[in-house]
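1. Predicted model and sequence below, questions to follow.
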Amino acid sequence: MVQYDGILLCHKPFGVSSHDVIANLRQVIGQRRMGHTGTLDPLATGLMLICLGRATKIAQFLSDMDKTYEAEIKLGVRSSTFDAEGVIENDPPQPVPNLSKAEMEDIFSEFRGSIRQKVPAFSAIKRNGQRLYKAARMGKKVNPPERNIEIKEIKLIGINLPFVNFVVCCSKGTYIRSLAQDIGSKLN
């Protein structure tokens with residue numbers, strides 16, 4: 001059996017977990033020793049760096065690197081998961097303020113730099129040995145931890161209300177859906 005050593009650039013499709021990407025690759029390649037360098041939410045698409053064989057030794061260093069994301073916020077709706085999956089169906093949409101690009105940039109500026117961010121209740125972070133999302137899906141009260149993160153850059157791409165598109169460069173551990181939730185909360 002061939003043992004691969006190196007880094008594989010893999011496009012994670014929509015609706016698939018990072019764990020599923022690894023499981024599928026293990027089956028296709030026929031190799032157990034591999035790991036990814038950062039989790040993407042199932043609803044996210046994008047580049048995953050997969051370390052194979054001996055390259056798994058450098059995964060921790062790649063994981064520590066800054067990440068860049070392109071994201072879209074839909075204002076006026078609430079979500080229990082902070083993404084499209086948890087949109088509260090019976091909750092009527094809230095009025096969306098008529099925001100200018102300058103006003104949106106002002107809001108973004110409040111999130112640049114080192115900030116504290118609450119991890120979403122529906123996340124794979126473990127608390128007391130259990131993944132938060134498992135307790136949240138069972139309807140249990142979840143008290144997610146907060147983390148120190150850094151938003152190096154957040155740049156407006158465009159506004160087509162109720163949608164706001166932006167690019168963010170951030171430290172590891174940043175949840176873009178928590179950032180979207182915080183921006184929405186700031187705008188009421």
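-> Right, received. Where do you want to start? Note that this is a predicted model, so its numbers are computed, not measured. Numbers count the residues shown, from 1 in each chain.
2. Now do the buried residues in the lengthiest strand in the chain.
-> For the chain, the strand reaching the highest residue count under DSSP state E is reported as strand 146-160. Taking 16 or more other CB atoms under 10 Å as the basis for neighbour counts, the residues of strand 146-160 that come out buried are Arg147, Ile149, Glu150, Ile151, Ile154, Ile159. From N, CA and C alone the C-beta is placed, and that goes for glycine too.
3. Can you lay out those as a markdown table showing distance to Tyr133 and pLDDT?
-> Formatted as a markdown table, the entries for these read as follows, by distance: CB to CB, whole Å; pLDDT from 0 to 100:
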| residue | distance to Tyr133 | pLDDT |
| --- | --- | --- |
| Arg147 | 17 | 93 |
| Ile149 | 20 | 96 |
| Glu150 | 25 | 97 |
| Ile151 | 24 | 98 |
| Ile154 | 26 | 97 |
| Ile159 | 31 | 95 |
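4. Turn the residues you listed into JSON lines, columns for distance to Ile107.
-> Below are the buried residues of strand 146-160 laid out as JSON lines (distance: CB to CB, whole Å):
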{"residue": "Arg147", "distance to Ile107": "21"}
{"residue": "Ile149", "distance to Ile107": "17"}
{"residue": "Glu150", "distance to Ile107": "18"}
{"residue": "Ile151", "distance to Ile107": "12"}
{"residue": "Ile154", "distance to Ile107": "9"}
{"residue": "Ile159", "distance to Ile107": "11"}
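5. ok, back up a step: which residues outside the longest strand of the chain are in contact with it?
-> Strand 146-160 is contacted by residues 66, 70, 99, 101, 104-105, 108, 111-119, 164-171, 173-174, 179 when judged by CB atoms under 8 Å, 6 or more residues apart in numbering.
6. what's the helix or strand containing Gln117 packed up against?
-> When secondary structure is defined using DSSP states H and E, the element that contains Gln117 is strand 113-118. Counting contacts by 3 or more CB pairs under 8 Å, 6 or more residues apart in numbering; DSSP states H and E, the secondary-structure elements packed against strand 113-118 are strand 146-160, helix 176-186.
7. and for it, what are the contacting residues?
-> Residues lying outside strand 113-118 but in contact with it, judged by CB under 8 Å, 6+ apart, are 144-151, 174-175, 178-179, 182.
8. Name the nearest of those relative to Leu9.
-> Set against Leu9, the nearest of the contacts of strand 113-118 by CB to CB is Thr174 (21.1 Å).
9. how far away is the residue nearest to the closest one when sequence neighbours are not counted from Asp83?
-> Of all residues beyond its chain neighbours, the one nearest Thr174 is Ile149 (4.6 Å), with distances taken as CB to CB, 6 or more residues apart in numbering. Distance from Ile149 to Asp83, counting by CB to CB, to the nearest Å: 18 Å.
10. just so I have it, where are all the strands in the protein?
-> Assigned by DSSP E, the chain shows strands spanning 6-12, 34-36, 46-52, 67-74, 113-118, 126-127, 130-131, 146-160, 163-170.
11. Nothing else from me, thank you.
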